[in-house]
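J.: Only the shape, not the letters, is given here:
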C-alpha cells in the first residue's frame, strides 16, 4: 500500500542545467589560465609602454591642435580664443583616439584568451 500523503522529492536529472553552466565556466577559466601561462608574464616595461602609448595618443593631437590655435590667434585676433578652443578640440580628439585604441587592444586580448584550441 502506497502512502499517498507522503511528498517524495523528485529525482534530480543527471544533466542539470546549472551544473552544466558551472562545468563550462570552470573549463573556460582553466583554459584562460593555461593560455596565460603559455604567453608568459608581461614585464613592467610592457605596462609602461601601454601607458606611454595612451599618453602619446592624447598628446600628439592636442599639440597639433594647439599649434593650429596659436596660428589662428595670430592671423585672426579677436574675442574668441582660438588657442583655447583648439586645445579643447585636441584633448577631445586625443581622448577619442586613446579610447578607440584601448578598445581595439581589449578586443585583441579577448580574442587571444577566448579562442578555442
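T.: Cool, got the structure. What you see is a predicted model, and the numbers here were worked out from it, not measured in a lab.
J.: contacts and neighbour counts: CA atoms only from here.
T.: Noted.
J.: tell me which element the residue positioned nearest the centre of the chain falls in.
T.: Centroid-nearest residue in the chain: residue 106, 4.1 Å away (criterion: Cα atoms, centre = their mean). Using DSSP states H and E, residue 106 maps to helix 82-114.
J.: how about that helix: buried residues?
T.: By neighbour count with 16 or more other Cα atoms under 10 Å, helix 82-114 contains the buried residues 82-83, 86-87, 89-91, 93-95, 97-98, 113.
J.: Can you check the pLDDT for the residue nearest to the centre of the chain?
T.: With respect to pLDDT, residue 106 scores 79.
J.: separation between it and residue 67?
T.: Residue 106 sits 32 Å away from residue 67, going by Cα to Cα, to the nearest Å.
J.: Could you do residue 43 as well?
T.: Residue 43 sits 36 Å away from residue 67, going by Cα to Cα.
J.: Please identify which of these two sits among more neighbours.
T.: Ranked by neighbour count (other Cα atoms under 10 Å), residue 43 and residue 67 place residue 67 first, with 15 against 8.
J.: show me what contacts the more buried one?
T.: Residue 67 makes contact with residue 83, according to Cα atoms under 8 Å, 6 or more residues apart in numbering.
J.: give me the element it is part of.
T.: Per DSSP H and E: helix 44-75 holds residue 67.
J.: Next, the angle helix 82-114 makes with the helix or strand of the chain with the lowest mean pLDDT.
T.: Lowest on mean pLDDT, DSSP states H and E among the helices and strands of the chain sits helix 17-39, with a mean of 78. Here the directions of helix 17-39 and helix 82-114 differ by 110 degrees (axes from the mean of the first three to the mean of the last three Cα atoms, to 10 degrees).
J.: pretty sure residue 97 contacts residue 58?
T.: Yes - because the distance of 7.0 Å satisfies Cα atoms under 8 Å, residue 97 is recorded as touching residue 58.
J.: Quick one: low-confidence residue ranges for this structure.
T.: Applying pLDDT under 70 to the chain flags the ranges 1-15, 38-42, 109-117.
J.: quick one: the nearest residue to residue 81 once chain neighbours are set aside and residue 90, what's the gap?
T.: Leaving aside its sequence neighbours, residue 81 sits nearest to residue 73 (Cα to Cα, 6 or more residues apart in numbering; 6.8 Å). Between residue 73 and residue 90 the computed distance is 16 Å (Cα to Cα).
J.: Good, we can wrap up now.
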